[in-house]
Structures are given as structure tokens and as C-alpha cells.
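# Fold the following for me, if possible:
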Amino acid sequence: MNKTISLVLSAVAVLIMLCGWYIYSTPKAVAPSALNTETSGAVSPETVVTYSVNGFYPKTISVKKGTAVTFKSIDGSRMWVGSNEHPTHLGYDGTSRTEHCPDATGTAFDQCSAGESFTFTFQKVGSWNYHNHAKANDEGVVVVTE
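From the prediction side, this is the model:
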């Protein structure tokens with residue numbers, strides 16, 4: 001009888017630990033945050049896409065033209081956001097990474113080197129695919145509307 005109770009309690013404890021691990025290890029969606037003030041003094045809405053060992057989350061977002069999107073590594077995973085196609089990064093502005101890095105004008109949807117976060121304000125309507133240049137199979141899409 002004591003062995004049965006002990007086994008049941010052990011199974012319950014293992015179940016609780018597995019549930020806790022799942023809850024705390026799953027990336028959380030980050031809702032659009034408060035307004036972001038740019039250096040020009042203009043205010044634009046901001047959205048956050050997180051990056052972890054599981055890739056980008058959410059994988060697809062839809063934002064209005066003029067929205068700043070921040071890509072943020074939440075677990076220290078190496079992140080280097082680049083517009084598709086890999087490795088040229090021509091997708092957003094038609095220039096290659098070597099042509100637009102460093103991006104002094106802020107018009108290239110391309111993080112010019114790896115980092116923990118990258119913010120880009122989308123000024124072109126369209127569907128913009130991107131990837132992690134450091135791990136090119138991790139991809140996502142930003143859909144920009146008027």
C-alpha cells in the first residue's frame with residue numbers, strides 16, 4: 001500500500017515538474033507595446049517579435065506602414081535579422097548587405113551584424129520575408145498594410 005502511494009505521489013510530482021518546464025520554456029507572444037519615440041521626435045507604434053532557440057515568434061505579423069518592429073533575443077540566442085533572400089538580403093530595398101551595411105539612412109531591413117535586438121520601421125507596403133542570418137532556417141514574415 002505504501003509503495004502504491006509513493007509511486008502515485010512520484011508520478012504527480014513528475015507531472016507538475018513537466019508542466020512547469022513547458023509553461024516556462026515556451027516563448028510568449030508579445031503584444032504591441034507602447035508608443036516608440038524616434039530621434040526625429042515622431043511617434044510611431046511598435047511591435048515586438050521575440051527570438052529564441054525555437055525561432056521567431058510570432059512567425060508572421062501584420063503591421064501598418066510606419067510601424068517600428070523590434071526583433072529581440074529573449075534567451076541569448078544569436079540573432080542577426082536579414083531580409084530575404086539569404087545570403088544577399090535584397091528583399092526589402094533591392095540592395096545587397098554589402099551595399100547597405102552600415103545602413104546610415106535606416107532604409108534597409110537588415111541588421112548589419114549580430115546583436116540582441118534590432119528595430120526597423122517599415123515604410124513600404126508589402127509582404128517582407130526575413131531570416132536569422134546566423135541560422136538561416138529560422139524565418140518569418142512581416143506584412144505591412146496602409
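
# What ranges does the protein have for its strands?
Per DSSP state E, the chain carries strands over the ranges 36-37, 43-44, 46-52, 55-57, 60-64, 68-73, 81-83, 117-121, 126-132, 135-145.

# most neighbours per residue, which of the ones you listed?
strand 81-83 (a mean of 25; mean count of other C-beta atoms under 10 Å). Backbone N, C-alpha and C define where each C-beta goes, glycine included.

# Now that E116 has come up, it's in contact with K72, right?
Yes. Applying C-beta atoms under 8 Å as the test, E116 and K72 come out as touching, 6.9 Å apart.

# returning to that earlier point: F109 is nearest to which of the strands of the chain?
strand 81-83 (4.3 Å; C-beta to C-beta).

# what helices or strands is the closest one leaning on?
Applying 3 or more C-beta pairs under 8 Å, 6 or more residues apart in numbering; DSSP states H and E, we find strand 81-83 packed against strand 126-132.

# partners of the strand it packs on, with directions?
The strands that strand 126-132 pairs with in its sheet are strand 81-83 (antiparallel), strand 135-145 (antiparallel) (by DSSP bridges).

# which of those has the lowest average pLDDT?
Taking the average pLDDT of each of the strands paired with strand 126-132, the minimum falls on strand 81-83, with a mean of 89.

# Run the chain-centre distance for it.
What separates the centre of strand 81-83 from the centre of its chain is 11 Å, taken as C-alpha atoms, centre = their mean, to the nearest Å.

# now do stretch 92-104
20 Å.

# What's the end-to-end length of that stretch?
End-to-end distance for stretch 92-104, by C-alpha to C-alpha, to the nearest Å: 16 Å.

# again with stretch 122-133
Using C-alpha to C-alpha, the span of stretch 122-133 from its first residue to its last is 19 Å.

# ditto for stretch 58-72
Terminal residues of stretch 58-72 are spaced 12 Å apart (C-alpha to C-alpha).

# Stretch 96-113 too?
14 Å.
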